[in-house]
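Participant: Pasting a predicted model and its sequence here:
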Amino acid sequence: MPGGLFGVVATLEDYDAEQRALSHKATYAEIKAWGSAEYHEAVTNLDISRARKRCGLAQDEYKGRPPSGKYYEPKPRKHKEDMVIEAFRHFGMI
């Protein structure tokens, strides 16, 4: 075709929406939205990260700056982590 354009035809006959939903790994944004919708409470990335660690889910290595040793470590909020773990179950991650 002129100008490097091309067309794509796709069919949805073999698409299994239920299997896709079961294999989908929820993003942090989706987990936050679920917590807000279900419990009307906000969870932070730190809550999600701690819950992932508690469940033994894979975590990426932090590639940012090394800690200075002078920062404040927030206390764990168990009720928020429990809410995130329930979200993991909802999304089929555990």
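Facilitator: Okay, I see it. Numbers count the residues shown, from 1 in each chain.
Participant: Please report the number of neighbouring residues for Ser36.
Facilitator: Using other CB atoms under 10 Å, Ser36 is surrounded by 12 other residues. (Glycine included, C-beta is placed from N, CA and C.)
Participant: try Ile31
Facilitator: Using other CB under 10 Å as the criterion, Ile31 is surrounded by 23 other residues.
Participant: next one: Val84
Facilitator: Val84 has 24 neighbours, counted by other CB under 10 Å.
Participant: Tell me where the model's unsure across this protein.
Facilitator: 1-24 (pLDDT under 70).
Participant: for it, what spans make up the helices?
Facilitator: Taking DSSP state H as the test, the helices found in the chain are 17-23, 28-39, 45-55, 78-90.
Participant: Show me what the longest one is packed against.
Facilitator: Using 3 or more CB pairs under 8 Å, 6 or more residues apart in numbering; DSSP states H and E as the contact definition, the elements that helix 78-90 packs against are helix 28-39, helix 45-55.
Participant: Please name every helix or strand in contact with the shortest one.
Facilitator: Think helix 45-55. Under the contact criterion of 3+ CB pairs under 8 Å, 6+ apart, helix 45-55 touches helix 28-39, helix 78-90.
Participant: highest average neighbour count across the ones you listed?
Facilitator: Among the helices and strands packed on helix 45-55, helix 78-90 has the highest mean neighbour count (mean count of other CB atoms under 10 Å), at a mean of 17.
Participant: Hey, what's the angle from that one to helix 45-55? Just curious.
Facilitator: If you take axes from the mean of the first three to the mean of the last three CA atoms, to 10 degrees, helix 78-90 sits at 70 degrees to helix 45-55.
Participant: mind checking how far helix 78-90 is from the chain centre?
Facilitator: Taking CA atoms, centre = their mean, to the nearest Å, one finds the center of helix 78-90 at 12 Å from the center of the full chain.
Participant: what sits up against it?
Facilitator: Helix 78-90 is contacted by residues 26, 31, 34-35, 38-39, 41, 43-44, 47-48, 50-51, 54-55, 57, 94 when judged by CB atoms under 8 Å, 6 or more residues apart in numbering.
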